[in-house]
Structure formats: structure tokens, C-alpha cells
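Engineer: compute the structure for the input listed below.
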Amino acid sequence: MTLVCLFLPFIAAVAAPPLTRALGAKAAWLLALAPAFSFFYFAGYLPEIAAGEVVTGGYAWVPSLNLSFSWFLDGLSLTFALLITGIGTLIVLYSGGYMKGHPQQGRFFAFILLFMGAMLGVVVSDSFLMLFVYWELTSITSFLLIGFDHTREAARRAALQALVVTGGGGLCLLAGLIFIWNITGVTQLSLVVHQGELMRQSPFYLAALLLVLGGCFTKSAQFPFHFWLPNAMEAPTPVSAYLHSATMVKAGVYLLMRLNPTLGGTPAWEILLPFFGGVTLIVGTFLGLRQTDLKLMLAYTTMASLGLLVMLTGFDSEHAISAAVLYLVAHSLFKGALFMVAGLIDHEAGTRDVTKLSGLAKAMPITFAAAILAALSMGGLPLFFGFLAKEEIYYALAGGDLRSILFTSVAVIGNGLMFALAFAVALKPFLGKKVETPKHAHEGPVLLWLGPLVLAVLGLLGGVFSTVAHRFISSPMASAVEGAATQVTISTIPHWGAPLALSLVTVAFGLLVYLQLSRVRAMMVRLLDALGPGPDRGFDAAIAGLVRLSVTVTRFVQPGRLEVYVTATFILLALTLLVPPFVYGELPALPSFPTDVMVQEWAFFAIALIGLVAVLRASNRLTAIVSLGIQGFAVAVIFLLFGAPDLSFTQFMVETLSVVILALAMTRLRLMPSDHRPFRQILGDAVIAISCGVGFMLLLMKSVEGVFDTRLTDFFNAYSKVIAHGANVVNVIIVDFRGTDTLGEIAVVMVTGLAILALIRVRVGAIKPADNDPDAPDPTPAPAGTVAMSEGARP
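Structural biologist: Residues are numbered from 1 along each chain as shown. Prediction:
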């Protein structure tokens, strides 16, 4: 059944377009059944996981390489699975109302469900292979969702930017997983979490850590890779509420938490994660202060929250993991609700600019209630789940040493600014005097307000019934991240002492910023303008530089002349054949002069040599082609004299066809009758050709020096007649033992033949030049069936 739940979103994605064409926006109710079914299925594991059990399963794919399609459920993966499917159900319903009437609503449903399936695969994957495939699939599907409105350049740019950044991080992650595989010898996350000591003692630990951090930091928008997340707000609001609050952006945090027992507990882990997380927290909140777009305000606070989660995951405090777990769940609830509120305001009022919104409370009371509840949780006020998280954060960070003071200050500043932004989103559009908006504002349909209201209420219920939440969610999740049994006990009764004092400071600071938000926004605009362009502009410069570099390299290595390509190929071939034997001292021993060569063999050797001289001395191309055939026929006879009739017959056929085809081609092409290369070029080509010939000679001489391994010979001699019922061993090898390979070769020859046929059938008509064009080509039409070539072109 777990496998069914993993594929159910993909099945629903396939069904989404036809269902939407048939039912319109009402299709959301049917499509939401898929994630709802998965949610209740995974919820059935809560008692088992809460008891300390884990659930694994799957199928072996390549047992010899220890690769499998397997899944792993513990407190961490189960919580993420419930968030993905639960919030996903509400997002599908929300999309039904938000995208109602859109001509591509079915396509949107398909994309959002595809992403849901990919994200679900990431969090329940046990095998490295399955994790990486789903990880990259989230990048691809998010690209489709961000660029959904592909007619707008901004949407296309944001989609490409997100794909480049997260896709590049995915390559880093792949390399990191390969390092972990080679160090531990296992490819299952359920096993690698027990290999912490082995990983930390490895000399390749730091390389593996940095590569994994590259994948996680790009996915979770950590500084300096944060710029793609705000730009991703070009996507429709359901995408922002789902991908950029509760799911995709938390994939990196998920993997850091998953690998905490394996990679954590080292100075590198405890320095890098808190540092980059803290910087991201501060940068995100500062950038959010200058915004007036509701979605951008929420986007930057999302970035800041992700930084806080990364900081807590790497902080070496007893309660830091518990705080991270609580805040992750709380953030998913209140941020998903606020994003949907922002979209609802935009949908019903026609704008998201907070400076142009006011007095919507009476027109949109349900939306206002959802916004207030979500903001209270985001602000960390009592009775809400966000309050539990904030209290645990300060309990984990507070200390008397310099490091604790520094990161506690970062957390207070970041939380205070997020408090101000939360209430700016939740209060400013609704309170005050009613202003005119582009649309006549009114409460949205149930599909739009159901999602934010449910998530906001869950944030309240989670805080009120914290004992139940900790038993089934917080404690199992913290235990999985910590790698040991952990009990989360924080309740709505605050921690007395420093944590409570820090909470009060946070609220006071947040209120002060909120009351002076316009002035603070103006200050931030001036400050950021003074600092100049940021990483977003740097991305554009990097892409432009990459394009210029690629153009330069392409012009150098692809000048458009076949002669250059062939020459470069043979130079590389000569170097490959000649350099290793001289560098590694693997030159073959010089053979003695042969004394057992028969007269007829010498004769055909002489004929082959005469053919070679004739090729070099030929006065025209046709003579060279025929002379080349003489050489080839002589070699074929030599094969025959040495007891290889099949090989000899093949050589005869190849030489005959080569001479005929080349001779026919000569009649179809406008080529100079003789070689027109200057002596310097002829000398250079000769050196390359002789080098390749000498290289192959040395390779063959070295190969025959060794003892001949007869195992394959014995195998084919023994089984050609028995298995394939053929006496001709060579034919049996080609047709039976290598039948598929032969079929592929035939297909290649067929495709090549069709291409040649297409070229032969080309007709080049006359081009009438201008009367006053002295450099115009000869207007005489080319003979039928010929291909014109430029004067300087070479065969």
C-alpha cells in the first residue's frame, strides 16, 4: 500500500487534465482525494512510529550494486509525509478556486500533483538512488510550476533561475552521496544513520559534507543561493503556498536533519550550519522589510525561517533539535496559511501591494480570521504552536558564552522582524479605512478560504493540545533527527527566566518595527540601494559570462570545417596511442626479422606496399581511390593466407564497396581533380597519419606479447553448435551471441544510408547575382544531383 500511496499523486496528475475538461474547477474535489487518501494512510502509522518503531520496505533493483527502490518511515519522514499530503490536499482544493476559469487549469493540477509525488518520494526514500531521482524531479516540476505563466518573461527567468540553482545543487548532492556510499559501503538512509563514527573518521568527511551542504543550501535557499526563492513568487499563489513554504524549500532542511546522526557532531558541522543559517535569517528579514508585495514579504520571511532551521540543526545544544522540529511544523502551518491569504486578497481585491490595501476586514471576515490566527502563531504568541517553537528556540540558544550570545542575538533580531512582517501581512490589508481596490473586494468561495483557515486553526490546536502533538509528532521526529530517543515537553506554560525575557524582548522589538514599518522600509531601501547589486544580478552576470564563454569555445572547436574536425580527431588519437607507452614504459620489445615468411606472402606484402606508394603518387583522386583498393585487396589476401577466410571475405566486400561508392561520389561532387594542399600542410598531415599508424602498430605488438587467453575461444567452440546450432563460429557470434549488438549496427547503417540518400537527392538551384556584384558566384546551374562546394572547400 505504501507503494500505491507513492504513485497515487502521479496517477492523479495523469487524470487531472481530462477531469478538469469535464468538471471544471469542481475537479479539485475529486483530485484532492488522492493526497487525502495518502494522508490518512500515513496517519495510520502514527501510533507505531510514536512507539519507537520504523517502517521499511521496497524492492531490489540491482542487487550486485546494492541499489534498490525502497522506503523508510520514522518520525522525521512520517511528519514530512503528513505535511506534504495534508497541506497538499488543501492546496489542490485552493487551486480549484484560485485557478477557476483558467484555460490551463488542468495542466496546473497535473504539475502540482507531479510535484507532490516527487516531494513525497524525497522524504520517504530509503535508497540513495531513489532519493536523488525524486530530488531532481522536484527541481523539474518546480520549474514547470514557477514558469506556468510562460508568456511572461519574468516567470520564464524565475523558472530557469530556480532550475539552474537547485539543479546545480542536485549535482553536488549526487557527488556527496557517492562519497558517503564509498565511505560507509551502504546506500540506504536507514543504515547510513548508524554509520556516524565511520563517516566522521574518514579523511573524505569534509568533502562529503561540503557537497551535501551544496545540495541542501541551494534547495533551501540559504545565503548566498537565496535569490531564486523570492523570484519564484512569479508562480501562481498555490505554488508559493505549497512549494515555497511547506515542501520544496524544506527538502534541504529535511536532508540535513536526516543526515544529522551521520554528519553532525563535528566542528565543521557546528560552524558552517549556524553561520550560514544565521546569515540567511538576518538577510532574509532585512530584505523582507523593504517589500510592499504581500507574497514577497512572505517569501523573504520564508527564507529567514529556513535559515533559522539550518542554524538550529547545526547548533550543539541539547534542545536545539527539538526547537528545529517544533519550528518546522509551526512554520509549515502558519506560512502556508498566510501565503493562501495573500493569494485570496489578490484574487478578490486585485492587488497584493500592502500600501494600496486597507479596511478589508468587513468584506473578507473569514480571510481576516485566518490571517490573524496564522500571524499570532508566526509571531510566537501564547497558545499557538509557534509559541512553543519560539520558547524552545530561546531555551536552546540561551547561554553565557560568546557563541550562545551571538546566535541568541541573531535569533531575537530575526524573530522580531518576522513578527513585524507577519502582522503587516495580517493586519494592514484588513484594518483602517476602506480604500478603493482594482476589484470589488468580497469574501472568496469556500475553496479559497478553507485551506488557510484549517492550517491557522491547526496552529492553535497544536499549541493547546501540545501533549498529543508531542507524543505523535514532535518527539518521534526529534528522536529521528537526534539519532536517539528524545522527549519534547514544552507546553503553553513558558520557560521562566532567560527564555521568557527573550520572548518579551522579541515581541517588544517586533511591535516597535511594525509601528514604524514605513520608515523602516524607507531606511532599508536606501541601505540596500547603497550596497549595490546583489546575488540576483550576479546570477545574470554569471549566465551571460557562461554564454559568452560557450560561444567562444564553440567558435574555436566548431569552426564549421570538416577538415579541422578530422585533423583534431586524429591528433587526439595519435596522442592517446603514443603518449601512454612512452610515459609508463610499456613499449613492446623489438621483434626479430621473420625467417618463416613464404614467397607468396612476401609478394602480397609487396603489392600492398606498391598500392600505398601508388596512393601517395596518384595524380588525381580517382587514381588514388583505385590504388587504395589495390592495397586493401592485398591485405585481404594476406588474411586468407593466414587462415582467416571469413575476415578475408569481409575485407574483400568492404574494399569493393568502398572503391565503388567513393568513385560514384567523386562523380557527384565538385572537387578539384588533384590534391591542392600546400607542402607544409601535406607534411603535417603525413606526420599525423604516420603517428596514428605507428601507435596502432605498437598497440598491436604489445597486445600479442602477452599470453593468449583462450577462455572465450573455448567457450564459443564449445557452445556455438550446442546452443546456437551453428558450425560457423564467427557467424554464430555475430548473429546469436552478439545479435542485439548486430541489430544496433544494422540500424546505424540504415540511418546513415538514409542520411546519405537525402544528401544525394539535394538539388542546388542557380542563384541569380546582382548585376553589379563582382564577387558573385558563377550563375551556371549545377548539374542535376551535384552538391556545390566553395572554392576553398577541401574533400
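Engineer: quick one, strands of the chain?
Structural biologist: 55-62, 67-73 (DSSP state E).
Engineer: any idea which of those strands is most buried?
Structural biologist: Ranked by mean neighbour count, these are led by strand 67-73 with a mean of 21 (mean count of other CB atoms under 10 Å). Where you see a C-beta, it was placed from the backbone N, CA and C, and this is true even at glycine.
Engineer: residue 45 versus residue 2, what's the distance?
Structural biologist: Separation of residue 2 from residue 45 (CB to CB, to the nearest Å): 9 Å.
Engineer: do residue 157 as well
Structural biologist: Distance from residue 157 to residue 45, counting by CB to CB: 42 Å.
Engineer: before we move on, what about residue 688?
Structural biologist: When distance is defined by CB to CB, residue 688 is 67 Å away from residue 45.
Engineer: residue 7: neighbour count?
Structural biologist: Residue neighbour count, defined by other CB atoms under 10 Å, stands at 15 for residue 7.
Engineer: contact partners for the closest residue to residue 442 other than its chain neighbours?
Structural biologist: In space, residue 442 comes closest to residue 363 once its chain neighbours are excluded; the distance is 5.5 Å by CB to CB, 6 or more residues apart in numbering. By CB atoms under 8 Å, 6 or more residues apart in numbering, residue 363 lies in contact with 348, 434, 441, 442, 443.
Engineer: of all the residues you listed, which comes closest to residue 719?
Structural biologist: Distance ranking of the contacts of residue 363 against residue 719, using CB to CB, places residue 348 first at 76.7 Å.
Engineer: tell me, how many neighbours does the closest one end up with?
Structural biologist: 21.
Engineer: for it, report the pLDDT, please.
Structural biologist: Residue 348 carries a pLDDT value of 90.
Engineer: residue numbering should commence at 41 henceforth.
Structural biologist: Renumbered: residue one is now 41, and that last one reads residue 388.
Engineer: ok, residue 471 to residue 458 distance?
Structural biologist: Distance of residue 471 to residue 458, given as CB to CB: 20 Å.
Engineer: residues contacting the residue lying closest to residue 312 once chain neighbours are set aside?
Structural biologist: Residue nearest to residue 312 in three dimensions, not counting chain neighbours: residue 253, with 6.4 Å by CB to CB, 6+ apart. By CB under 8 Å, 6+ apart, residue 253 lies in contact with 296, 312, 313.
Engineer: and these, which of them are in helices?
Structural biologist: 296, 312, 313 (DSSP state H).
Engineer: any idea how far residue 776 is from the second one?
Structural biologist: Read that as residue 312. Residue 312 is 58 Å from residue 776, by CB to CB.
Engineer: ok, the first one next?
Structural biologist: Distance of residue 296 to residue 776, computed by CB to CB: 53 Å.
Engineer: more crowded one of the two?
Structural biologist: Set side by side, residue 296 and residue 776 show more neighbours around residue 296, with 27 against 15, by other CB under 10 Å.
Engineer: got the contact list for the more buried one?
Structural biologist: Counting by CB under 8 Å, 6+ apart, residue 296 touches 253, 256, 313, 350, 353, 354.
Engineer: and the last one, what is it in contact with?
Structural biologist: Which is residue 354. Contacts for residue 354 (CB under 8 Å, 6+ apart) come out as 296, 304, 309, 310, 311, 312, 313, 314, 317.
Engineer: buried set for the longest helix along the chain?
Structural biologist: Secondary structure of the chain read by DSSP H shows that its longest helix is helix 193-224. Within helix 193-224, the residues scored as buried using 16 or more other CB atoms under 10 Å are 195, 197-206, 209-210, 212-217, 219-221, 223-224.
Engineer: and residue 570, how far from residue 320?
Structural biologist: Relative to residue 320, residue 570 is positioned 21 Å away (criterion: CB to CB).
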